[in-house]
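> got a predicted structure plus its sequence, pasted below:
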Amino acid sequence: MNIVIIVGSLRKDSYNMQLAKTMQERYSAKMNIDIADIRSLPHYEQDEENNPPETVKKFKQSIANADGVIIITPEYNWSIPGVLKNAIDWASRVDKVFIGKPVMAAGVSIGMAGTLRAQLHLREILSGLQAQLLPPSGNEILINFAAQKFDDQSGRLADEPTLGFLDVVVDKFVDFVKLSKKD
Ligand SMILES: Cc1cc2nc3c(=O)[nH]c(=O)nc-3n(C[C@H](O)[C@H](O)[C@H](O)COP(=O)(O)O)c2cc1C
C-alpha cells in the first residue's frame, strides 16, 4: 500500500514532521510512506494551473498515484497553515487528485487543543474536494502538549498511550483504503 503524508509545517524541528517520520518508521511493514515536499511549491496561481511548474506536477502525481493520503497539520490561528492550504489548492484543480482519495487527518500542538479547530477546517475543505475522509468518530488523532510526548533526543513520538491509539487508527485506515479500492 502506497501512502503519501502531507505535513503542514516547514519548521526544522516540527512536531508534526516528527509524527510523520514516526509513522514512516513504525508502519513500514504495513505501508510504503512518502512524505510530500510542499516547501518547494510556489504560491497557487490560476494562470499557471494548466501548465504548472515541475514541483507542482510532481506533488499532484504523488497524490494521484497513492492509495491514500495522511495529512498531518499544526493549528495556526484556529485553522490550517497557509502552506498546507496552498498545497491543497494546487491539488484541487484541473485533474483534481483528491476526488475519491482516502484521507486520514492528524495533528500535533504544543497547547491543549491538539489541532481540533484546524482539523475541523481541514475536514470541511476536503469534503468540498470530494475526498473520502476516514470518519472522525474514534479516529481523531489530536496530539496535545507535544513537548511532553516527543523524545528530546530522537525527536520521535514516544508517548506509549498515544502510539497505541495511533496504531489502532492506522489499522482502521488501512482497512478503509482497502475497502475504497473495491468500489
Ligand atoms: C503562526 C502561528 C499560529 C499558531 N496558532 C495556534 C493556534 O491557533 N492554536 C494552537 O493550539 N497553537 C497555535 N500555534 C502553536 C503551534 O501549535 C505550535 O507552534 C506547534 O509547535 C506548530 O507545529 P510544528 O511543531 O509542527 O511546527 C501557532 C503557532 C504559530 C507559529
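It's in.
> which residues touch residue 23?
5, 33, 70, 166, 170 (Cβ atoms under 8 Å, 6 or more residues apart in numbering). All C-beta spots, glycine's among them, are computed from the backbone N, C-alpha and C.
> following element in sequence after the helix or strand hosting it, please.
Per DSSP states H and E: residue 23 is located in helix 15-26. Of the helices and strands lying after helix 15-26 in sequence (DSSP H and E), the nearest is strand 32-35.
> hang on, the earlier thing: could I get the average pLDDT for the helix holding residue 23?
In this model, helix 15-26 has a mean pLDDT of 98.
> can you check stretch 58-75 too?
98.
> gap between the two ends of that stretch?
Using Cα to Cα, to the nearest Å, one end of stretch 58-75 lies 26 Å from the other.
> may I see the buried residues of it?
Using 16 or more other Cβ atoms under 10 Å as the test for burial, stretch 58-75 gives 59-60, 62-63, 66-75.
> got it, and stretch 154-164?
157, 158, 159, 162.
> out of these, what pair is the most spread apart?
By the measure Cβ to Cβ, 158 and 162 form the most distant pair in the buried residues of stretch 154-164, at 8.7 Å.
> overlap in contacts of those two?
In contact with both residue 158 and residue 162: residue 149, using Cβ under 8 Å, 6+ apart.
> any idea how far the residue lying farthest from the centre of the chain lies from the ligand?
Going by Cα atoms, centre = their mean, the residue of the chain most distant from its centre is residue 47, 26.8 Å out. From residue 47 across to the ligand, the span is 28 Å (Cβ to the nearest ligand atom, to the nearest Å).
> start the count at 20 instead of 1 going forward.
Understood, numbering begins at 20; the last thing we discussed is residue 66.
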